[in-house]
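A.B. asks: Structure for the following, please:
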Amino acid sequence: MTLVTRSLLVRPIAAISAAVLAILLASVPAFAADAPDEETLSDAYVYLLGRGLAIRQEHIDAAAADFEYNVIHYNPLGTADFVNPNLDVAYLEAWIAVDDDTPALLEVPKIEGRYYTVQILDEWGEVIVNINQRTFPSMPYGTFAFVAPGSTAPIPEGAVRITLHGRKAKLLGRVELKGDPEGAVALQKQFMLRSMGTPRIAPPPTIPEIDNEKLVDSTIFDHAGPILASALDINPLAAQTQQQVYAIADYVASGDEARASIDGMLKDKVIPGFLDYALTKSVPYLNHWMVADRSGNYGADYRARTSANLLGIWANVPSEVIYFVGLRDSNDKELDGSASYVMHFPADALPQAQVNSYWSVILVGVPDYKVVSNSLNRYNFNTYSDLVPEPDGSMKIAIGPKPVEGVPESNWLPSRAGSPFSLTFRAYGPKAPIIQEKWQPPAVTPVE
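C.D. replies: Next comes the predicted model:
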């Protein structure tokens, strides 16, 4: 009886309160979401774009006719037709998908005498682990089990348990050719990936088109909720930055005027500023080379992470490989295919002495980023090239449309007259002098 009486008393009070509240709210104008300043918009946009670029890549991969999660795709060897090819390794790749009850298993074959790695990244582009001789010296091959965060699912006895950052991860494997492409491909095909069951796999979120030539506008904020909910971010600033993203998404949705304001700021300030940063400031510029030596794990620096995702998604950590990109000569002038140049390595600073694995340098034309056709079919040099040293033990690499006087023709890397070009120098297993920025390739010096 007491309970009934109390409920009868509460209802009219609640009804009166609701009516009064409705009258009060009707007399007060609704507060619109606050307009962000340029810095806040830039932070939120660049952060969200980073995840958007990774989602774009998942959509591209998943559109392949033979795509399946937890199944390895064995890429054909790089050829002269590829854009910015890596002619030194055999590639394999996959998307790993797990849930709380369903791990995925990777079988790594025994590989001796040549470089290999299996790079695992999360859905934001952060490297989780590399599996190879360097990182797992006591078990460089065998079975590796990938599990979801917090999962207690059983795995096979003897398998190495690797906890992912979320329920998906990108796998990229590389096996060094080492002058034996057939042997590398045979090893490539021995890597196997499978699921231990049938995991629940969420499709990648729907996102607006993202074109590198014309980055996405405010419509990316229309998808902020699904984008951010689709993958956990380990960035220590993730929580507060995601709040900024949601606030701007609310503002964009508040009306056409708000959306137009955001689009104007993006077009005039935010996107040009970010592109300038990504192309010229996101990596150090040392000895006339852009040095990608701070990638793979970004800490709080999501701007650097998004830059890496834009310019070359799935960057690895510097302890595994460091890239040097050369677009300018020792005078900071654009590299010209009609000119002749020399890279001169001192005898006490030869490239092979700076790496634990191997080095390579490749020349590609700009803007197509394809290798330059030549009668020698010579597109790159590496650890195994027959480069002739100088009498003093130093080494020269000549670059130009024809051989350079004073440099052996065996050391000549042909360029295309009338076309600019770019050089990429890769250092696999870099030693301390490279990692500590004490060694870079010699500047590309014009021959007068």
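A.B. asks: What lies in contact with stretch 258-267?
C.D. replies: For stretch 258-267, the external contacting residues (Cβ atoms under 8 Å, 6 or more residues apart in numbering) are 32-33, 35-36, 38, 41, 45, 217-218, 221, 248, 251-252. Every residue, glycine included, has its C-beta placed from N, CA and C.
A.B. asks: try 7 Å
C.D. replies: By Cβ atoms under 7 Å, 6 or more residues apart in numbering, the surrounding residues in contact with stretch 258-267 are 35, 38, 41, 45, 217, 218, 251, 252.
A.B. asks: Same question for stretch 274-281.
C.D. replies: 42, 46, 303, 307, 310, 311.
A.B. asks: Quick one: mean pLDDT for it?
C.D. replies: Stretch 274-281 carries an average pLDDT of 94.
A.B. asks: still on that earlier bit, by neighbours, which of the contacts of stretch 258-267 wins?
C.D. replies: Using other Cβ atoms under 10 Å as the neighbour criterion, residue 45 leads these with 28 neighbours.
A.B. asks: That residue touches residue 269, doesn't it?
C.D. replies: No: the pair residue 45 and residue 269 does not pass the contact test of Cβ atoms under 7 Å, sitting 10.5 Å apart.
A.B. asks: that older thread, just the contacts of stretch 258-267: which are in helices?
C.D. replies: Under the assignment DSSP state H, the contacts of stretch 258-267 contribute 38, 41, 45, 251, 252 to helices.
A.B. asks: hang on, residue 347 packs against residue 389?
C.D. replies: No: if you go by Cβ under 7 Å, residue 347 and residue 389 don't touch, sitting 8.0 Å apart.
A.B. asks: For stretch 251-269, what does the pLDDT average out to?
C.D. replies: Rounded mean pLDDT across stretch 251-269 is 98.
A.B. asks: Off-centre distance for the helix or strand hosting residue 183?
C.D. replies: Using DSSP states H and E, residue 183 sits within helix 181-188. How far helix 181-188 lies from its chain's middle: 25 Å, per Cα atoms, centre = their mean, to the nearest Å.
A.B. asks: buried stuff in it?
C.D. replies: Neighbour-count burial for helix 181-188 flags 183, 184, 187, 188 (criterion: 16 or more other Cβ atoms under 10 Å).
A.B. asks: Closest to residue 339 out of the residues you listed?
C.D. replies: residue 184 (35.3 Å; Cβ to Cβ).
A.B. asks: residue contacts, the closest one?
C.D. replies: 90, 175, 176, 177, 178.
A.B. asks: Only the buried members of those residues: can you turn that into a PyMOL selection?
C.D. replies: With 16+ other Cβ under 10 Å as the criterion, this PyMOL line picks the buried residues out of the contacts of residue 184:
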select buried, resi 90+175+176+177+178
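A.B. asks: got the contacts of residue 184 as TSV, with secondary structure and distance to residue 63 columns?
C.D. replies: Listed next are those as TSV, based on DSSP: H, G, I helix; E, B strand; the rest coil; distance: Cβ to Cβ, whole Å:
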residue	secondary structure	distance to residue 63
90	strand	23
175	strand	26
176	strand	30
177	coil	29
178	coil	33
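A.B. asks: And the contacts of residue 184, which is closest to residue 99?
C.D. replies: residue 175 (29.9 Å).
A.B. asks: Next one: that closest one from residue 91, what distance?
C.D. replies: Distance of residue 175 to residue 91, given as Cβ to Cβ, to the nearest Å: 8 Å.
A.B. asks: Residue 323 against residue 424, yeah?
C.D. replies: Yes: counting by Cβ under 7 Å, residue 323 does reach residue 424; the two are 6.2 Å apart.
A.B. asks: list the buried ones in stretch 347-359?
C.D. replies: Here stretch 347-359 shows 349, 351, 354, 355, 357, 358, 359 as buried, counting by 16+ other Cβ under 10 Å.
A.B. asks: Inside strands: which ones of the residues you listed?
C.D. replies: Judged by DSSP state E, the buried residues of stretch 347-359 include 355, 357, 358, 359 as members of strands.
A.B. asks: Save the contacts of stretch 258-267 as TSV, and put in distance to residue 330 too.
C.D. replies: Shown next, in TSV, are the contacts of stretch 258-267 (distance: Cβ to Cβ, whole Å):
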residue	distance to residue 330
35	48
38	37
41	40
45	37
217	41
218	43
251	49
252	47
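A.B. asks: And for stretch 197-213, what's in contact with it?
C.D. replies: 52-53, 55-56, 58-59, 62, 69, 97-99, 101-102, 216, 219-220, 223, 226-227, 230, 310.
A.B. asks: Let me fix that, I meant to ask about stretch 155-162.
C.D. replies: Under Cβ under 7 Å, 6+ apart, the answer for stretch 155-162 is 103, 105, 129, 139, 142, 143, 144, 145, 146, 147.
A.B. asks: Tell me how far the closest residue to the fifth one other than its chain neighbours lies from residue 178.
C.D. replies: With sequence-adjacent residues excluded and distances taken as Cβ to Cβ, 6 or more residues apart in numbering, residue 142 is closest to residue 108, at 6.4 Å. Taken as Cβ to Cβ, the spacing of residue 108 relative to residue 178 amounts to 18 Å.
A.B. asks: Just the CA atoms of the helix holding residue 183, as CSV, please.
C.D. replies: Taking C-alpha atoms only, helix 181-188 is exported to CSV below (Å, rounded to 0.1, in the frame of the first residue of the first chain):
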residue,chain,number,x,y,z
PRO,A,181,64.7,-14.5,-56.8
GLU,A,182,63.5,-18.1,-57.2
GLY,A,183,64.8,-19.0,-53.7
ALA,A,184,63.2,-15.9,-52.2
VAL,A,185,59.8,-16.7,-53.9
ALA,A,186,60.0,-20.3,-52.6
LEU,A,187,60.4,-19.0,-49.1
GLN,A,188,57.7,-16.4,-49.6
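A.B. asks: any idea which helix or strand comes after that helix?
C.D. replies: strand 192-195.
A.B. asks: That next one pairs with which strands, and in what direction?
C.D. replies: strand 104-108 (antiparallel) (DSSP bridges).
A.B. asks: Can you give me the buried ones in the strand it pairs with?
C.D. replies: Under 16+ other Cβ under 10 Å, the buried positions of strand 104-108 are 104, 105, 106, 108.
A.B. asks: now stretch 391-404
C.D. replies: Neighbour-count burial for stretch 391-404, counted by 16+ other Cβ under 10 Å, picks out 395, 396, 397, 398, 399, 400, 401, 404.
A.B. asks: cool, and stretch 185-205?
C.D. replies: Buried positions in stretch 185-205, judged by neighbour count with 16+ other Cβ under 10 Å: 187, 188, 191, 193, 195, 196, 199, 201, 204, 205.
A.B. asks: Quick one: classify residue 362 as helix, strand or coil.
C.D. replies: strand (DSSP: H, G, I helix; E, B strand; the rest coil).
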